[in-house]
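[1] Predicted model and sequence below, questions to follow.
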Amino acid sequence: MVLAVFTSTYITYQVHYLDRVYYQDDFLQQENDYFCNYYLDLNRSTNEVFSFDNKGVVIVDYSKIYSSEMYTEEYNPLTIAAFALSYFRESCGEDKPETLQKFWNQIQWLIENQTAGGAFPFHYDKIANNKFLESGWSSAMAQGLAISALVRAYKISDEEKYLNAALRALKPFEIPVYQGGVRTDNEFGVWYEEYPHKHDSDHVLNGYIYALFGLFDLYNYADSKKSGDLFNAGVSSLIIALPLFDNGFWSQYSLSKQSTLRNHYNIASPKYQLLHVHQLNALSRITSEKIFNQYSNRFREQYPGFYGYVVKVAFVTYRDLSLMRKRVAQLVF
């Protein structure tokens with residue numbers, strides 16, 4: 001019985017998970033033209049969870065993600081910025097006016113929905129790593145992606161409003177989490193939080209690196225000294241903290257003090273393991289810091305090993321059981 005379940009789960013992984021994550025969404029960019037291509041391949045998903053409003057702005061249907069009518073359609077600034085960068089990559093240097101217009105649709109939303117304090121807030125509650133975030137929260141990851149998109153809008157249009165919006169987006173990086181920003185000062189120096197929990201910071205790795213990419217873009221393409229200083233501080237902190245994300249056989253998703261089955265004991269999913277590989281590879285190229293290339297290679301080598309297969313099967317089993325539980329609950333209630 002156990003063998004049958006294991007075999008079924010493993011086949012499910014090979015068909016539905018490994019192909020989708022590893023072969024179709026290979027994040028690594030071989031090109032050196034980071035302006036057009038960004039640092040990772042942010043392929044737009046055709047998943048049914050995404051739709052578009054009458055202005056062409058992407059909307060996320062969380063009821064389909066969580067299989068529950070308790071959730072609704074929402075504008076997610078992180079997703080909108082990522083779609084903008086994907087549209088930009090597709091249209092950059094190409095005669096694709098329709099795709100370029102889709103890029104501008106997302107940019108316009110970012111301009112219209114940025115607060116006076118520079119944030120791109122999420123207007124819905126969220127449970128992240130078993131902790132509650134109240135509507136209005138901001139994310140360093142969303143700030144970084146939005147900055148990257150706005151910098152590109154500025155460079156191809158030469159309109160100051162896009163540069164000014166990108167510069168305003170730096171403000172949350174200077175404000176502590178407990179005061180509504182995305183910054184945590186700690187033993188590493190600083191951390192830019194994807195999920196700004198006020199009393200127990202998570203230090204999520206992938207969101208932090210996305211924030212660094214945005215800071216680097218604003219420094220590199222618009223010569224912002226403030227952004228350069230924030231980037232350099234962030235790189236210095238990551239050099240110190242990065243070894244803590246290596247648990248010996250796999251990478252950690254975060255350094256959260258809460259370690260439970262519900263958050264997978266902070267172990268990165270197979271998708272995030274590969275994302276860490278490619279993010280660190282890109283970071284090593286723009287900083288020339290050897291430690292980033294070292295851990296990129298280490299996490300890559302871990303992926304196909306014995307523990308890698310154990311982690312992959314465990315994640316798919318957990319996902320399938322969680323989905324089964326939700327479906328049973330829907331039938332019962």
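    All right, it came through fine.

[2] C-alpha only now, for contacts and for neighbours.
    Will do.

[3] Give me the distance between Ala169 and Tyr154.
    14 Å (Cα to Cα, to the nearest Å).

[4] And the two? Which one has more around it.
    Legend: neighbour count by other Cα atoms under 10 Å for Ala169 and Tyr154, higher for Ala169 (27 against 19).

[5] That one contacts Ile147, correct?
    Yes. In this structure, Ala169 is within contact of Ile147 by Cα atoms under 8 Å, at 6.8 Å.

[6] and the residue nearest to Ala119 when sequence neighbours are not counted, what pLDDT?
    Excluding its sequence neighbours, the residue lying closest to Ala119 (Cα to Cα, 6 or more residues apart in numbering) is Ala169, at 5.8 Å. Per-residue confidence (pLDDT) for Ala169: 98.

[7] tell me the contacts of Ala169?
    If you count contacts by Cα atoms under 8 Å, 6 or more residues apart in numbering, Ala169 has them with Gly117, Gly118, Ala119, Phe120, Gln143, Ile147.

[8] Equivalent analysis for Gln114, please.
    Going by Cα under 8 Å, 6+ apart, Gln114 touches Phe120, Pro121, Ala165.

[9] what packs against the helix or strand harbouring the last one?
    Just to be clear, that refers to Ala165. Per DSSP states H and E: Ala165 is located in helix 160-168. Helices and strands touching helix 160-168, by 3 or more Cα pairs under 8 Å, 6 or more residues apart in numbering; DSSP states H and E, are helix 140-157, helix 205-222.

[10] which one of these is the most hemmed in?
    Among those, judged by mean count of other Cα atoms under 10 Å, the one packed with the most neighbours on average is helix 140-157 (a mean of 25).

[11] Now find how far off-centre that helix is within its chain.
    14 Å (Cα atoms, centre = their mean, to the nearest Å).

[12] what angle sits between it and helix 205-222?
    Computed by axes from the mean of the first three to the mean of the last three Cα atoms, to 10 degrees, the angle separating helix 140-157 from helix 205-222 equals 20 degrees.

[13] Report all helices and strands that helix 140-157 contacts.
    Helix 140-157 sits against helix 77-91, helix 97-113, helix 160-168, helix 205-222, with contacts defined as 3+ Cα pairs under 8 Å, 6+ apart.

[14] Out of those, flag the one nearest Ser296.
    Of all these, it is helix 205-222 that lies closest to Ser296, at 12.6 Å by Cα to Cα.
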